[in-house]
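> What would the 3D arrangement of this be:
(one chain, ligands or ions: 1)
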Amino acid sequence: MRNEWECAVVGAGAAGLSAALVLGRARRQTVVIDAGRQSNLVSDVIGGLLGYDRRPPAQLYAAGRAELGEYPSVEFRHGTVTGGRRVDGSLLLEIGGGEEICARRVLLATGMEYDPPDIPGLPPLWGRSVFQCPFCHGWEMRDKRLASLAAGEEAVHSTLMLRGWTDDVVALTDGKSDLSDDDLNVLRSAGVTVDDRRVVELIGENGKLTSIAFADGTRMERDGLLVEAPLRQRSPLAEQLGATCTPSPLGQSIGVDEIHRTEAGDVFAAGDACTEHPHVAGAIASGSQAAMIVVQSLLADEFGLPYPPT
Ligand SMILES: Cc1cc2nc3c(=O)[nH]c(=O)nc-3n(C[C@H](O)[C@H](O)[C@H](O)COP(=O)(O)OP(=O)(O)OC[C@H]3O[C@@H](n4cnc5c(N)ncnc54)[C@H](O)[C@@H]3O)c2cc1C
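Predicted structure coming up:
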């Protein structure tokens, strides 16, 4: 083990790999620790990433790791950071198996856990024909028979979003019937059918939804279903290192300023863990930006460069 890494990047999804690439090119001693559970791995393809549209997520991450191999100052480790604390001005990370590493900076690129609704039959369809983001999956679902499952105001918004991709949309309220007359009128005038029955199961094959089963024993044939999937932090690591998590519309985000610094000045965050707009292109951009700031902060320590940079 080296005594102290200049930066430890926790997580090697789009954000962490992008950050590590910038750090490697800046010749910074960097360790990347990754548990290998990028949130979109279940999907067949990534939608909407320039230069990599509709190609498998796993290949993107493998290519990113291979690129890091070109930079001798970057070391990649498969594992989970199980805890963190401060010791004598350094940041100490515990890695499963009892190993500990020290770093001058930590960049959290840990992503988020997406929690789709707990419906029997949903897990094998998740990220394929049951999805939470029309921008990610809408193109693959174009002109198909779709449904949205949401309550209240969100039901109107998410259902109307789907109308951009197909004419055949059903709004499922799952027995809640909580839409106002105005909402119902808006949906009906957009050609959306509203169905108040309670959903009990999703039926599909090879990742493809075929029908939705209701409590009354009937089924409706559908090819795709939009659901809500709140996001949550994967671990208390940010707080352990002195950062704070704040409520956001999607879940609990790590609080960062405009240069990706958390409240603990030597801990940075990028990607889903600290954004209200989760998507791969955004994660790549924020990882890259955060790493540039990490380099600036190290240069400020070493040579007194202005920091934060102007
Ligand atoms: C099913 C699904 C499909 C999606 N499809 C698209 C799409 O088509 N297009 C699009 O733009 N966006 C899509 N998204 C959103 C996109 O996947 C995320 O915005 C993006 O992956 C965020 O990247 P990230 O690097 O922040 O996090 P992740 O990709 O989640 O990577 C975080 C990494 O950190 C690791 N990690 C976490 N904690 C620790 C720890 N303590 N120790 C070690 N490692 C740790 C994880 O195991 C993981 O490998 C989709 C999301 C989901 C859920």
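> Spatially, and excluding backbone neighbours, which residue is closest to the residue of the stretch 101-250 of the chain found nearest the ligand.
Residue nearest to the ligand within the stretch 101-250 of the chain: residue 111 (2.3 Å; CB to the nearest ligand atom). Glycine gets a C-beta too; all of them are placed from N, C-alpha and C. For residue 111, ignoring the flanking residues on the chain, the nearest one in space by CB to CB, 6 or more residues apart in numbering is residue 272 at 4.7 Å.
> Kindly state the pLDDT recorded for the residue of the stretch 101-250 of the chain closest to the ligand?
On pLDDT, residue 111 comes in at 98.
> same thing with the one 10 residues further on?
Per-residue confidence (pLDDT) for residue 121: 98.
> Is it part of a helix or strand, or is it coil?
Judged by DSSP: H, G, I helix; E, B strand; the rest coil, the three-state class of residue 121 is coil.
> quick one: contacts for residue 249?
For residue 249, the contacting residues are residue 276, by CB atoms under 8 Å, 6 or more residues apart in numbering.
> what pLDDT does it get?
pLDDT, the model's per-residue confidence, is 82 for residue 249.
> so when I look at the residue of the stretch 101-250 of the chain closest to the ligand, I'm seeing a strand, right?
No: with three-state DSSP as the criterion, residue 111 is coil rather than part of a strand.
> Burial check on it, number of neighbours?
Residues within reach of residue 111, counting by other CB atoms under 10 Å, total 25.
> Kindly report the same for residue 182.
9.
> Backbone dihedrals for it, both of them.
Residue 182 adopts backbone torsions of phi -60, psi -50, taken as degrees, to the nearest 10.
> so the closest residue in space to residue 233 that isn't next to it in sequence is in which element?
Once flanking residues are discounted, residue 233 sits nearest to residue 252: 5.4 Å by CB to CB, 6+ apart. Secondary-structure element containing residue 252, defined by DSSP states H and E: strand 251-254.
> ok, that strand near the ligand or not?
No: using CB under 6 Å from any ligand atom, strand 251-254 never reaches the ligand; the gap is at least 10.7 Å.
> so what does that strand touch, helix or strand wise?
strand 231-232, strand 245-248 (3 or more CB pairs under 8 Å, 6 or more residues apart in numbering; DSSP states H and E).
> Show the subsequent helix or strand relative to that strand.
Downstream of strand 251-254, the next assigned helix or strand under DSSP H and E is strand 267-269.
> Which residues does that next one contact?
Contacts of strand 267-269 (CB under 8 Å, 6+ apart): 91, 105-109, 238, 241-243, 254, 256, 260-262, 290, 293-294.
> next one: stretch 17-24
6-7, 9, 12, 30, 32, 61, 64-65, 67-68, 70-71, 73-74, 76, 107, 109, 270, 283-285, 287-288, 290-292, 294-295.
> Need the nearest residue in space to residue 150, chain neighbours excluded.
residue 158 (5.0 Å).
> Could you do residue 4 as well?
Per CB to CB, 6+ apart, closest to residue 4 is residue 102, 4.6 Å.
> That neighbour belongs to a strand?
Yes: counting by three-state DSSP, residue 102 is found in a strand.
> Tell me, how many residues neighbour it?
18.
> cool, and the one 3 residues further on?
Per other CB under 10 Å, the neighbour tally for residue 105 reads 25.
> hang on, isn't it packed against residue 296?
No: contact status for residue 105 versus residue 296: not in contact, 10.8 Å apart, counting by CB atoms under 8 Å.
> Now the residue of the stretch 151-300 of the chain found nearest the ligand. Nearest residue, chain neighbours left out?
Using CB to the nearest ligand atom, the single residue of the stretch 151-300 of the chain nearest to the ligand is residue 271, 2.3 Å away. Once flanking residues are discounted, residue 271 sits nearest to residue 15: 2.7 Å by CB to CB, 6+ apart.
> Up against the ligand, what does the stretch 101-250 of the chain have?
So far as CB under 6 Å from any ligand atom goes, the stretch 101-250 of the chain lies against the ligand at 109, 110, 111, 114, 127, 136, 234, 235, 237.
> Of these, which pair is most distant in space?
Maximum pairwise distance among these (CB to CB): 26.3 Å, between 136 and 237.
> Looking at the two now, which is surrounded by more residues?
residue 237 (24 against 20).
> residue contacts, the more buried one?
Contact analysis of residue 237 by CB under 8 Å, 6+ apart lists 10, 81, 83, 84, 108, 110.
> Let me see the contact set for the third one.
Each residue near residue 83 by CB under 8 Å, 6+ apart is listed here: 93, 94, 237, 240.
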